[in-house]
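# Sequence below, structure please.
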Amino acid sequence: MNMQQMMGKDAALTKKDQKELESMMNDMMFKEMQDMYINLVDRCFNKCVNNFRSRKMLSTEKDCISNCVAKSIAHNKRVQMRFAEQNQMMMGGQGGMPGAPGST
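Numbering: from 1, shown residues only. Coordinates of the predicted model:
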């Protein structure tokens, strides 16, 4: 979906405005991904790393971090899937995302 489709058929932007809007959206998406990554690292580190007596991480800490990251990524994918389903419904689409529970 391009910017024109997202904004509606009546929205007529100049090429310069389109590029500016696209750049702003790219910057926003990058910032959002960066914030998500920082939050993930902070949350999993604080939850899993408790011992600073050794230079190396303990195997329990490594396992905890792997599980924390995997669960966080699975959660983010699920949220994105639900957001896409809601967006599709708002845009007048039928059904959910392919492969989603309840979709045909």
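
# Show me the longest helix that occurs in the protein.
helix 15-48 (DSSP state H).

# low pLDDT regions in this structure?
The model of the chain has pLDDT under 70 over residues 1-11, 93-104.

# switch to 90 and redo it
Within the chain, the set of residues satisfying pLDDT under 90 comprises 1-17, 50-51, 87-88, 90-104.

# so is the residue of it positioned farthest from its centre in a helix, a strand, or just coil?
Residue farthest from the centre of the chain, counting by Cα atoms, centre = their mean, is R53 at 35.0 Å. Classification of R53 using DSSP: H, G, I helix; E, B strand; the rest coil returns coil.

# Roughly how far does it sit from A74?
Using Cβ to Cβ, to the nearest Å, one gets 32 Å for the distance from R53 to A74. Using the backbone N, CA and C atoms, a C-beta is placed for each residue, glycine as well.

# Likewise for R43?
According to Cβ to Cβ, R43 and A74 sit 14 Å apart.

# Between those two, which is the more surrounded one?
A direct count of neighbours by other Cβ atoms under 10 Å for R43 and A74 places R43 higher, at 13 against 10.

# Quick one: residues contacting the more buried one.
By Cβ atoms under 8 Å, 6 or more residues apart in numbering, the contact set of R43 is 68, 72.

# For the closest residue to K47 other than its chain neighbours, grab the count of nearby residues.
Using Cβ to Cβ, 6 or more residues apart in numbering and skipping the chain neighbours, the partner closest in space to K47 is C68 (5.9 Å). Neighbour count of C68, defined by other Cβ under 10 Å: 18.

# Surely C68 touches V41?
No - C68 sits out of contact with V41 when judged by Cβ atoms under 8 Å, with a separation of 9.9 Å.

# coming back round to it: residues in contact with the residue nearest to K47?
With contact set as Cβ under 8 Å, 6+ apart, C68 has these partners: 43-44, 47-48.

# And the residues you listed, which of them are buried?
Buried members of the contacts of C68, counted by 16 or more other Cβ atoms under 10 Å: 44, 48.

# Reformat the contacts of C68 as CSV; add distance to L21.
Converted to CSV, the contacts of C68 look like this (distance: Cβ to Cβ, whole Å):
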residue, distance to L21
R43, 32
C44, 35
K47, 39
C48, 40
